[in-house]
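**Q** please find the sequence and the predicted model below.
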Amino acid sequence: MKKWIFLLCLIGFFTSCTEDVKFNNPAFQTLKDKDFWRAQTYKAHLETNGTVVIEGSLGYENVILKTASSEEGTYVLGNNDVSKGIYTNTLPSAAVSFSTGTNSGSGQIIITELNTANNTISGTFRFTAVNEDQTNTEKPSINFTEGVFYKVPIQ
């Protein structure tokens, strides 16, 4: 009898296991002020001057990453207006805009792969952006950490 119970438990164990694997390929996600944020839509494009713009959107929220070049490497934010991190919320009741710029905010964007065969770009980012409405003392800045953009299509 003990053998049958053991066998029944063993069969139940193996049949109850499932694989619920989801692949985020492509992906654009980050922690926004320590809360998980994943874009529903994402795209990238190369500007004529060589800069790259990578965008992720979730409803009214947009995260825009700009780098001085499309080359693989690290781009420091807060030093100039060429490489920037921008967050906007365009919901009329909560409209707000944050950005890095010359001596404003900090962070970095790292491009780890520019795949010209598949027209995709991958990398990581983190930044702290300053509220463009300096009178808003309730929310003076916003923080993005552990950001990843993976195989975002270049249009």
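**A** Happy to help now that I have it. Residues are numbered from 1 along each chain as shown.
**Q** please count neighbours and contacts with C-alpha atoms only from this point.
**A** OK.
**Q** now do the strands in the chain.
**A** Along the chain, counting by DSSP state E, strands occupy 27-32, 35-38, 41-46, 52-58, 61-67, 73-77, 84-89, 96-99, 106-115, 120-131, 141-153.
**Q** with mean pLDDT and mean neighbour count added, can I get those strands in a markdown table?
**A** Output for these, formatted as a markdown table (pLDDT from 0 to 100; neighbours: other C-alpha atoms under 10 Å):
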| stretch | mean pLDDT | mean neighbour count |
| --- | --- | --- |
| strand 27-32 | 95 | 21 |
| strand 35-38 | 96 | 14 |
| strand 41-46 | 95 | 19 |
| strand 52-58 | 96 | 20 |
| strand 61-67 | 97 | 21 |
| strand 73-77 | 96 | 20 |
| strand 84-89 | 96 | 24 |
| strand 96-99 | 96 | 21 |
| strand 106-115 | 96 | 19 |
| strand 120-131 | 96 | 23 |
| strand 141-153 | 96 | 20 |
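**Q** give the contact list for Gln155.
**A** Contacts for Gln155 (C-alpha atoms under 8 Å, 6 or more residues apart in numbering) come out as 43-46, 119.
**Q** can I get these in TSV with distance to Val148?
**A** Formatted as TSV, those follow (distance: C-alpha to C-alpha, whole Å):
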residue	distance to Val148
Lys43	13
Ala44	14
His45	17
Leu46	19
Asn119	17
